[in-house]
Structure formats: C-alpha cells, structure tokens
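In: sequence unknown, structure follows:
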Ligand SMILES: [Zn+2]
C-alpha cells in the first residue's frame, strides 16, 4: 500500500503543476516526491534494526552496534546548528541517518562504492554510514571515540549535502555540493581530504561541470571544487553563499544564480 501512493501522488503533482504552468516547480515537486519515497523505502528496509532519535535526527542502526549510535547522533546534532545556519535553511521534520552493519551492506544499498575508505555518503535523502567500528577501535575511551568520529567522520560533510539538496531539490552541479560540503567540513571540524599538488594540470570548468564523479583524478576534482567555493566565500562571505543557495531554491539555474549574486559567470570564477 505504501508503494502505491507515490505514483498517484506524482500524477497529482504533474496535473496540479501543469495547471499553474510552472515547470521549475514541477521538477522540484517530482524530485522531492521521489526523494521522500526513497527515504521511506530505506526506513522500511532498516525496519528490523534499532531506532534512536534526538532533536533533529532519527538513526537506524544494527542490533550489535557497539555503542556507536550515541556518538553518531551526537556528532550529527553538533554539526546541525552550524550547517543549517551557514546554508540558511532547516529541513522540516527529523532527518534520517542509516548505519549499515558492514561496508558491503552500504555498498549494496547504494549500488556500489568507489572504494573501502568511504565513511559516509548522502544519497537519496539519507545520510548513510558504514559501522564506524571498522575504522574507530572499540577499545578507545568513549570520549576519545566521540571526538575522533566528529573530526574525521562524515557528519558535517554529508549533512551539508543533505541540507543543500532539501533546500534546492537537486538544483545544483555536483562540483558545487562537493565543494560546499568540504568547505563546511573544514570550517566545522578542520578536516581537509586533499591538498594541492605541484605540477598538476587542473580540470577545466567544463570538465568539473560535466561528469564530476567520472573524472579520473577524484582528489584533484574535489580539491578544485573546494577552491571554487572558497573563492565564492572570499568574494561575498557566507551571506553570498546563502543568497546563491536561496536563488537555486527558487529554481534559478546555477550559472544565472552565480551571475546574479557575484556578477560573473562560473567560467570566469574558475579562471586563474
Ligand atoms: Zn561529498
């Protein structure tokens, strides 16, 4: 019964939106409806696990979790105020986190992972993480594990992806969400994944704006994405980024939104 409601809702949204003649709104409504369906499906799949919630999050976690659930929820809550404040948006309701018992289970849920170093990802409306016990020793004292997880874990980064996605319903290029997530992560936890390397030929803006996740040197692509967002932040500060995101939220295309807020094209932004 749950699965049947979504097609009817989507047909209803299509008819409603055609009546008011707003294509951007239709795209946004369809995106949000699909994402909500994916969140429900993931919650249903995790139904046999344990559930715990705090002010802003609900976490589904495996029965043998080794007391990692509390540190995951605490880290998410700690990042919440900073990320939502910086992006100027708090998504409605509690946000879903799913902890998978193994890296393989996470990979199966999202159709594969690039490698085994992934400690979390935002996908289809949900922050998804593998069991942190695979990279944080259970023997460490609880306070040490909590601090280590917050600083080296995925919560600030993935929460940024989530808030941007719920705010704009997918209206952003991949490089922007990856740059913004790294920018927030660096501000909040100090974590930086990649550093610039000498003698590396940077990707062009067209390459970054194309199939970002297919570029062969992901470390370089991620580094360039962070650099572009840092450039935006230097130009107009956090208020400028909030203005840019607010324009994306009403359906303005990314190049036009950059032009409106910063007075330049994304290509110009990316030029040396
Ligand atoms: Zn990311």
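Out: Cool, the structure landed. Treat the numbers as computed from the prediction; the structure is a model and nothing was measured.
In: Going by C-alpha atoms from here, please, whenever you check contacts or count neighbours.
Out: Fine.
In: Find the centremost residue of the protein, please.
Out: Geometric centre of the chain, nearest residue: residue 161, 1.8 Å, by Cα atoms, centre = their mean.
In: pLDDT score assigned to it?
Out: You'll see residue 161 listed with a pLDDT of 98.
In: Kindly provide the distance from it to residue 213.
Out: Going from residue 161 to residue 213 by Cα to Cα, to the nearest Å gives 15 Å.
In: before we move on, the earlier item: part of a helix, is the residue nearest to the centre of the chain?
Out: Yes. The assignment for residue 161, made by DSSP: H, G, I helix; E, B strand; the rest coil, places it in a helix.
In: And stretch 87-96, what's buried?
Out: Taking 16 or more other Cα atoms under 10 Å as the basis for neighbour counts, the residues of stretch 87-96 that come out buried are 87, 88, 89, 90, 95, 96.
In: Tell me which two in those residues are the farthest apart.
Out: Looking at the buried residues of stretch 87-96 by Cα to Cα, the two members farthest from one another are 88 and 96, with 19.7 Å of separation.
In: wait, what's in contact with residue 34?
Out: The neighbourhood of residue 34, defined by Cα atoms under 8 Å, 6 or more residues apart in numbering, contains no residues.
In: Show the secondary-structure elements that the longest helix anywhere in the chain is packed against.
Out: In terms of residue count, the longest helix belonging to the chain (DSSP state H) is helix 218-249. Packed against helix 218-249 by the contact rule (3 or more Cα pairs under 8 Å, 6 or more residues apart in numbering; DSSP states H and E) you find helix 69-87, helix 155-168, helix 174-189, helix 254-262, helix 266-270.
In: Let me know which of those helices is the nearest to residue 28.
Out: Shortest separation from residue 28 across these is recorded for helix 155-168, at 7.8 Å, computed as Cα to Cα.
In: now for that closest one, which elements pack on it?
Out: Judged by 3+ Cα pairs under 8 Å, 6+ apart, the packing partners of helix 155-168 are helix 69-87, strand 121-123, strand 126-130, helix 174-189, helix 218-249.
In: could those be laid out in TSV, adding mean pLDDT and distance to residue 23?
Out: TSV is the format used below for these (pLDDT from 0 to 100; distance: least, Cα to Cα, whole Å):
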stretch	mean pLDDT	distance to residue 23
helix 69-87	97	25
strand 121-123	95	24
strand 126-130	96	26
helix 174-189	97	22
helix 218-249	97	14
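In: ok, and which of these has the densest surroundings?
Out: Comparing these by mean neighbour count (mean count of other Cα atoms under 10 Å), strand 126-130 comes out on top with a mean of 24.
In: immediately after the least confident helix or strand in the chain by mean pLDDT, which helix or strand?
Out: The least trusted helix or strand in the chain, going by mean pLDDT, DSSP states H and E, turns out to be helix 2-20, with a mean of 43. Counting by DSSP states H and E, the element after helix 2-20 in chain order, helix or strand, is helix 23-45.
In: Buried ones in that next one, by neighbour count?
Out: The neighbour-count criterion (16+ other Cα under 10 Å) identifies 25-40, 42-43 as the buried residues of helix 23-45.
In: Can you tell me how far residue 46 is from residue 97?
Out: Relative to residue 97, and taking Cα to Cα, residue 46 is found at 10 Å.
In: next one: stretch 84-99 to chain centre, how far?
Out: For stretch 84-99, the separation from the chain centroid amounts to 10 Å (computed by Cα atoms, centre = their mean, to the nearest Å).
In: Next: stretch 248-257.
Out: Average the C-alpha atoms of stretch 248-257, do the same for its chain, and the two points are 18 Å apart (Cα atoms, centre = their mean).
In: same thing with stretch 255-272?
Out: Relative to the centre of its chain, stretch 255-272 is centred 23 Å away, using Cα atoms, centre = their mean.
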